[in-house]
Each structure stands twice: as structure tokens, then as C-alpha cells.
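Undergrad: sequence first, then the predicted structure, then my questions.
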Amino acid sequence: MTFFILKNMARVLAMKGNKKLLNAWAFYDWANSVYSLVISSAIFPIFYGALFRVAEIEKVTLFGGEIARAPLISYVTSLAFVFIAIITPLVSGIADYLGNKKIFLKFFCYLGALSCIGLYWFSLENIYFGLVCYFFGLVGFWVSFAINNSYLPDIAFPEQQDRVSAKGFSLGYVGSVILLLFNLAMVMQPAIFGISDSGGEVAEIKAMKYSFITVGIWWIVFSQYTFTILPKGYKKEGERTNIVLNGFRELKSVWRQLGTEIRLKRYLGAFFIYSMAVQTIMLIATYFGEEEINWGSDSERTTGLIISILLIQVVAIFGATATAYASKILGNIKTLIFINIFWILLCVYAYFLQTPTDFYIAAGLVGVVMGGIQALSRSTYSKF
């Protein structure tokens, strides 16, 4: 048994730093980033707002009470992140104990992708089902994203990690923009795609629902390359019994090791704080822009939000690459400190946004920070 374990580890280590392996890992960002753009940032927030405006209501009855549309989606999002925070450490512990991270990566990938497809049936009449799909779409995306990130120290050497992490995010931004442009073409010119008003549903909203299906299919199809190349993980010697209990024990072992890593503990504490700040803005920015900015007409609102979202994605490619370069000169921690100071100033500026021009400027600056801080945070943790 020990011979086969060592043989497997030697095979994986021999692949470490291999260009094909690094590309396969980075390509998962191409597969799953369409969720964060099309669902979280672009089409779904516009669809969600339009659904209520077409019905000419601002509140929905849920669990016997009435709740406004904006707080409703915010509460579901918050609940999903609480669930993610609880389940991710447990999943990682079990995956480490079993020595098979890939099976969990696949499970949460498919959970998220199928939930995106399920959003096609999101309606005010099926509000419970729609919110469940939205909930598990978030869970699938973030847990699979965390598992994929955990591969980075296994597949890349420290000197490769900043560049490979930035490459992954850059691929994600490019891939998601390609699909978003296709989906926006469907939404803005539905007749070209044979989509028309039917059953009391306007063509634009129907096109948005089709875009949710394309996200799920894209995510499943393009993730197959990553699944084919990535190793399962490191399997330990012995029988695998009491999987959940031993998953907790694996976590406890990691926690004990963390006690001696003072710099890592400080970094994780800092990451917890600044990541909350970054993710909050990223998740509510489109809802904020949809409701608070003086766009004028509904068509101007949709066009303005689309331009802002595309601007963020394009600029983020530059941000991820530039930050990887800056980290070589200043080091990871100093670069992260600089980015966080810039983010604080940007949040202060965002408080005073009123006009579309203000929103466009903020979107460009958000793109620079978003691309840089995500890529560098991932590679910094990997180095620790």
C-alpha cells in the first residue's frame, strides 16, 4: 500500500510546474467565471429587477409576510454565504482525509451549473424554487472555487503561483465576457435568435432566462478539461472509515498546525476582513446601480449597467496582470496593503455616486482592484 501511495505522490510531484497541468488548473476559471459575471453581476440582477417592474410590484409574500425585492435577494445571498462558510471547511477536511479533492470539485461544479439552469424557471409564481436555485448556484460556485484554489500549491512552485493565479483570473474575465456578449445580443435583439413574446412573457425576459441555461452548459462543458488533467489528490495510507468524523479530525489537525504559523494566522484574519469588503461591493454593485443611479429610462438603465459590467471585466484583466508584476517588485503583502488602501478610498467615493458618469468611473476603478486583489490573495495564501 505504501509503495502505491508513494508512486502516486511521485507522479503528481513530477507533474508539478508542468505547463499542461497549470493551464488545466487555470482553465477552470474560464469555465466557472461565467457564473460570477452573468448570474451574480450582470443578467440576473437586471432580470430580477425587471421581473418585479413588469409585474408592477415591489414586494413579494414569503413565509406569510411581505418583503421588498432588494432585501429579499440580499438575505438569500447572506444565508448562502453563511452556509458556504460552514460547509467549506468540512468538505475540505473530508476531501483531505479521502485524498480525493476532485470528486468534491466535480460535485459542487455540477450543483452550481444545474442550479443556474434551474433559474430558467425563476418567476414570482415559483419564487421558492427560484430562490433555492439561486442559493445553490452560489454554494456550487464558491465551494468549487475554494476547492480548485486549494490545488494551487500542489500544482505550481512558489515562483509560478502569482503568474498562474493571475492567468486563471484573466482567462475567467475573457471567457465570461465572451458568453456575456452572446447573452446580451440575445437580450437586446431577441428576434434575431427567434425569441418572441409568448405566454404573457416579453422576449427580453425570456432571453435572459435562456442565458441562465447557457451559463450552466458552459460551466459543465469547459470544466471537463480541468477534470481530465487535475490529479485526485494525495491519498493517505489505511482504510477510509467514519468519513465525516475523520474529516473533522483532519480539520483539527490543520488547526493545530496553524497555531505555530503566526504570519499565516495574521494573513487569514486580514483576508477575512478585506475579503468581506470586496465581496460585498461586488455582490451588491449591480443592484445598487439598478436602483440608485439616475439613468433616465429603463433602456438607458439596462445599457448603462451592461457597459459598466463589461468595463469592470476588461479592466480586471489589466488589474490581475499588473498586480502580479507589482508583487515581484514590492512583494505580495506590501502590494495587498496598497490595494486595500486604494479600495477604502474607492468605497468612500462610491458613497457619493449619483450620475451614470460617476458609476462608470467607479466601475473602472473597481475592475482594477477586483482583478488584482483576487488573483494576489489566492497566490499569497498558496505561498504560505
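TA: That came through fine.

Undergrad: alpha carbons only for contacts and neighbour counts from here, please
TA: OK.

Undergrad: ranges for the helices of the stretch 51-200 of the chain?
TA: 69-98, 101-118, 127-150, 152-155, 158-188 (DSSP state H, counting those that start in this stretch).

Undergrad: show me the chain divided up by domain.
TA: 1-159+172-258, 262-384 (automatic domain parsing).

Undergrad: dump the helices of the stretch 51-200 of the chain to TSV, plus distance to residue 27 and mean neighbour count.
TA: As requested, these are exported to TSV (distance: least, CA to CA, whole Å; neighbours: other CA atoms under 10 Å):
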stretch	distance to residue 27	mean neighbour count
helix 69-98	21	17
helix 101-118	14	23
helix 127-150	10	21
helix 152-155	13	20
helix 158-188	6	21
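
Undergrad: among the ones you listed, which is nearest residue 37?
TA: Closest approach to residue 37 among the helices of the stretch 51-200 of the chain is made by helix 158-188 (6.3 Å; CA to CA).

Undergrad: for that closest one, packing partners?
TA: Contact analysis of helix 158-188 by 3 or more CA pairs under 8 Å, 6 or more residues apart in numbering; DSSP states H and E lists helix 19-34, helix 203-229, helix 298-330, helix 356-383 as its packing neighbours.

Undergrad: so which of these is the most packed in?
TA: helix 19-34 (a mean of 23; mean count of other CA atoms under 10 Å).

Undergrad: that helix - what's its average pLDDT?
TA: Throughout helix 19-34, pLDDT has a mean value of 90.

Undergrad: just checking, what packs against that helix?
TA: If you count contacts as 3+ CA pairs under 8 Å, 6+ apart, helix 19-34 packs onto helix 127-150, helix 152-155, helix 158-188, helix 203-229.

Undergrad: let's see that with 7 Å instead.
TA: The helices and strands touching helix 19-34, judged by 3 or more CA pairs under 7 Å, 6 or more residues apart in numbering; DSSP states H and E, are helix 158-188, helix 203-229.

Undergrad: need these in CSV (columns: distance to residue 110 and mean pLDDT).
TA: Putting these into CSV (distance: least, CA to CA, whole Å; pLDDT from 0 to 100) gives the following:
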stretch, distance to residue 110, mean pLDDT
helix 158-188, 18, 84
helix 203-229, 7, 92
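
Undergrad: so which of the helices and strands packed on helix 158-188 is nearest residue 336?
TA: Going by CA to CA, the one of the helices and strands packed on helix 158-188 nearest residue 336 is helix 356-383, 6.8 Å.

Undergrad: quick one: distance of that closest one to the chain centre.
TA: 13 Å (CA atoms, centre = their mean, to the nearest Å).

Undergrad: mean confidence (pLDDT) on it, please.
TA: On average, helix 356-383 scores 81.

Undergrad: what pLDDT is listed against the spatially closest residue to residue 306 that is not a sequence neighbour?
TA: The shortest distance from residue 306 to any non-neighbouring residue, by CA to CA, 6 or more residues apart in numbering, is to residue 42 (6.8 Å). Residue 42 is assigned 78 on the pLDDT scale.

Undergrad: burial measure for residue 42, as a count.
TA: Residues near residue 42, counting by other CA atoms under 10 Å, number 23.

Undergrad: next: the one 3 residues further on.
TA: Around residue 45 there are 24 other residues, counting by other CA under 10 Å.

Undergrad: now do residue 37
TA: Counted with other CA under 10 Å, residue 37 comes out at 24.

Undergrad: pop out the phi and psi values for the closest residue in space to residue 157 that isn't next to it in sequence.
TA: Nearest residue to residue 157, sequence neighbours excluded (CA to CA, 6+ apart): residue 17, at 6.0 Å. Dihedral pair for residue 17: phi 90, psi -10, per degrees, to the nearest 10.

Undergrad: enumerate every residue touching residue 343.
TA: residue 369 (CA atoms under 7 Å, 6 or more residues apart in numbering).

Undergrad: before we move on, back to that, mind putting the domains of the chain in CSV, distance to residue 166 included?
TA: Output for those, formatted as CSV (distance: least, CA to CA, whole Å):
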stretch, distance to residue 166
domain 1-159+172-258, 9
domain 262-384, 5
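
Undergrad: between those domains, which one is nearest to residue 165?
TA: Of those, nearest to residue 165 by CA to CA is domain 262-384, at 5.3 Å.

Undergrad: can you get me the start-to-end distance on the closest one?
TA: Its first and final residues considered, domain 262-384 spans 11 Å by CA to CA, to the nearest Å.

Undergrad: quick one on the thing from earlier: between the helices and strands packed on helix 19-34, which gets nearest to residue 306?
TA: helix 158-188 (8.2 Å).

Undergrad: chain center to the closest one: distance?
TA: The answer for helix 158-188 is 11 Å, by CA atoms, centre = their mean.

Undergrad: then stretch 124-137?
TA: For stretch 124-137, the distance to the chain centre is 19 Å (CA atoms, centre = their mean).

Undergrad: quick one: residues in contact with that stretch.
TA: Under the criterion CA under 7 Å, 6+ apart, residues 76-77, 80, 111-113, 115-116, 118-119, 121-123 lie in contact with stretch 124-137.

Undergrad: from those, pick the one nearest residue 220.
TA: residue 113 (6.4 Å).

Undergrad: quick revisit: indicate which one of the helices and strands packed on helix 158-188 is closest to residue 271.
TA: helix 356-383 (7.8 Å).
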